[in-house]
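> using only what follows, build the 3D model:
(one chain, ligands or ions: 1)
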Amino acid sequence: MNVLDLLNDVKKEAVDYVPGGTPLPPIPEGITKCKLDANENQFGPSPKVVEALKGYLDDMYLYPANQITPTRNAIANNLGFEPNNIVMGTGSSSLICAVADLFFNPGDEMVLSTPTYIAYTLLESRYGITPVCVDNKNFASDVHGMLASITPKTKIAVIVNPNNPTGAKVSNEDMRYFMENVPEHVITVVDEAYFEWVDDKEHISMMEYVKAGKNVIVLRTFSKLYGLAGLRLGYAVTTPEIQQHLVKLEFNYGANRLVLQGAQIAIKDEEYIAASINNNTVGRNYISNALKSFGFDIVESSASFVYFNPHRDTQKFILDLNQYGVIIRGFGPTYVRVSIGRPEQNEQFVKAVEAILAKK
Ligand SMILES: Cc1ncc(COP(=O)(O)O)c(C=O)c1O
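Take a look at the predicted model:
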C-alpha cells in the first residue's frame, strides 16, 4: 500500500515550513559569519540562565513533570494572570498548530492581513481551511479590512502585532476597535512574538481582552526577548474556557525540562531584559538610519528586524551580502529583512552594504 494513500486526506497537501537560513548559504572562508536572517536574539540568553542550565544537565533523564506547574505559575504571575490562563508549548509555533487543531474544520475561513508570518498562511494546506487575506495597511494588519471580511464561516482571525516580516504595528485605537467589533463566533489570535521590542510605552497588549472574557488567544515566546529560540518555549494567554481545551493538545508535557527551568530564571533577570531591549533599540536605530542614508526605503520597525526595499534585485543583493559573511532574508522581488544583531554584527552588515554600493 502506498503511504500517500494512507495519509490523512488534508495532510496530503501539507506544505513545508522553510525557516530562515535553510539551507545556509556558502560564506567565503576566513570571513566571520553574521546570521541576521531569522530574528534570533544575537545578544544571546541571560548568563544567569546559561549558568543555571549547566547545573540542571544531569537531570535530563527525568521527564519535566515537576517543572510544568512552577513554570506555568511563574509565567502567569509575571503577567498578572492565573495559571489557568496559560498554555505552554514547544515554541509558539506549536501553539499555532494546537489552536488550529482545536478549532478548524475543513472549509472554515481564517481572516488575516498579509504579508505576515508564513506559519499562518501554511495552515491552509494543513487544515483544509480557506484563508481570507486582506492587504496590510502601512505594512501592518488592516483591522478594518479584516472586520469587513468576516463571514459566518470565519473561525479564526489572526493579527501579528508587531507584524513579521514588516515590523510595523497596529495602533492601540485600531486594535481596540477590532476587539470590540469582532463577532462572537470568531476566535482572535494576536501573535505578540515581538511585543517586548516596541519602544512606545503606550503600546498595549491584547491580554486585557483575555481579562474581559473575549475569545482571544495571545501568543508570546521565549525565542525573541529571552534569546532561547533553540530551546523552544512559547505560551498562550487566554481565557480559562479556551485554556482547558488547548492545554489537552500538549501531549506528554510538550516543553522540555531545561527550558522550563531556564524560563523561570529568564523572566526574573531584569538586568538582562533591559540590556537585551537596549541592544535591540540601539541596533535598530543604527541600521534604520544607515539604510535611509543609502537611499533605501525602510519600514519603521517596532520589532527586532528592519524590512526594506534596497531598490535592486533582492536575490542578487542577498548573494552579494553573503560574500561579506552577512545572511539576511528576502521576501519576493522588492523587499528584504535584516534582523538586529550585536553592535559588531550590525556594523558588519552596514559596511557590507556600503561596499556593495561602492562597487556600482
Ligand atoms: C510572528 C511570529 N510568531 C511566532 C514565531 C515562532 O516562534 P517560536 O516558535 O520560536 O516561539 C515567530 C518566529 O519567528 C514569529 O515571527
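
> do you know the pLDDT at the closest residue to the ligand within the chain?
Proximity of the chain to the ligand (C-beta to the nearest ligand atom) peaks at Gly91, 2.7 Å away. Glycine gets a C-beta too; all of them are placed from N, C-alpha and C. With respect to pLDDT, Gly91 scores 95.

> residues near it, how many?
21 (other C-beta atoms under 10 Å).

> give the contact list for it.
Residues near Gly91 by C-beta atoms under 8 Å, 6 or more residues apart in numbering: 221, 223, 229, 232-234.

> would you convert those into JSON lines that also reports distance to the ligand, pLDDT and secondary structure?
What follows is the contacts of Gly91, written out as JSON lines (distance: C-beta to the nearest ligand atom, whole Å; pLDDT from 0 to 100; DSSP: H, G, I helix; E, B strand; the rest coil):
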{"residue": "Thr221", "distance to the ligand": "3", "pLDDT": "98", "secondary structure": "strand"}
{"residue": "Ser223", "distance to the ligand": "3", "pLDDT": "97", "secondary structure": "coil"}
{"residue": "Ala229", "distance to the ligand": "5", "pLDDT": "97", "secondary structure": "coil"}
{"residue": "Arg232", "distance to the ligand": "6", "pLDDT": "96", "secondary structure": "coil"}
{"residue": "Leu233", "distance to the ligand": "7", "pLDDT": "97", "secondary structure": "coil"}
{"residue": "Gly234", "distance to the ligand": "4", "pLDDT": "97", "secondary structure": "strand"}
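
> quick one: which of these is most hemmed in?
Leu233 (28 neighbours).

> pLDDT score assigned to the residue nearest in space to the middle of the chain?
By C-alpha atoms, centre = their mean, the chain has its centre lying nearest to Ala193, at 4.2 Å. With respect to pLDDT, Ala193 scores 98.

> next one: it from Val306, what distance?
16 Å (C-beta to C-beta, to the nearest Å).

> next, the residue nearest to the centre of the chain: secondary structure please.
coil (DSSP: H, G, I helix; E, B strand; the rest coil).

> ok, now which ones touch it?
92, 117, 160, 164, 219-221, 223-224, 234.

> let's see 10 Å
Ala193 is in contact with 39, 91-93, 117, 160-162, 164, 219-221, 223-225, 234, 303-304, counting by C-beta atoms under 10 Å, 6 or more residues apart in numbering.

> please save the CA atoms from stretch 148-163 in PDB.
C-alpha atoms of stretch 148-163 as PDB (Å, rounded to 0.1, in the frame of the first residue of the first chain):
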ATOM      1  CA  ALA A 148     -15.200  43.600   6.700                       C
ATOM      2  CA  SER A 149     -14.000  40.200   5.500                       C
ATOM      3  CA  ILE A 150     -15.500  38.200   8.400                       C
ATOM      4  CA  THR A 151     -18.300  35.900   7.300                       C
ATOM      5  CA  PRO A 152     -20.400  33.300   9.200                       C
ATOM      6  CA  LYS A 153     -17.700  30.700   8.100                       C
ATOM      7  CA  THR A 154     -14.900  32.600   9.800                       C
ATOM      8  CA  LYS A 155     -13.400  30.600  12.600                       C
ATOM      9  CA  ILE A 156     -10.200  32.400  13.400                       C
ATOM     10  CA  ALA A 157      -8.800  35.900  12.800                       C
ATOM     11  CA  VAL A 158      -5.000  36.400  13.100                       C
ATOM     12  CA  ILE A 159      -3.200  39.600  13.900                       C
ATOM     13  CA  VAL A 160       0.500  39.600  14.200                       C
ATOM     14  CA  ASN A 161       1.400  42.700  16.100                       C
ATOM     15  CA  PRO A 162       4.100  44.000  15.500                       C
ATOM     16  CA  ASN A 163       4.000  42.200  12.200                       C
END
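
> is there proximity between that stretch and the ligand?
Yes: interface with the ligand: stretch 148-163 contributes Val160 (C-beta under 6 Å from any ligand atom).
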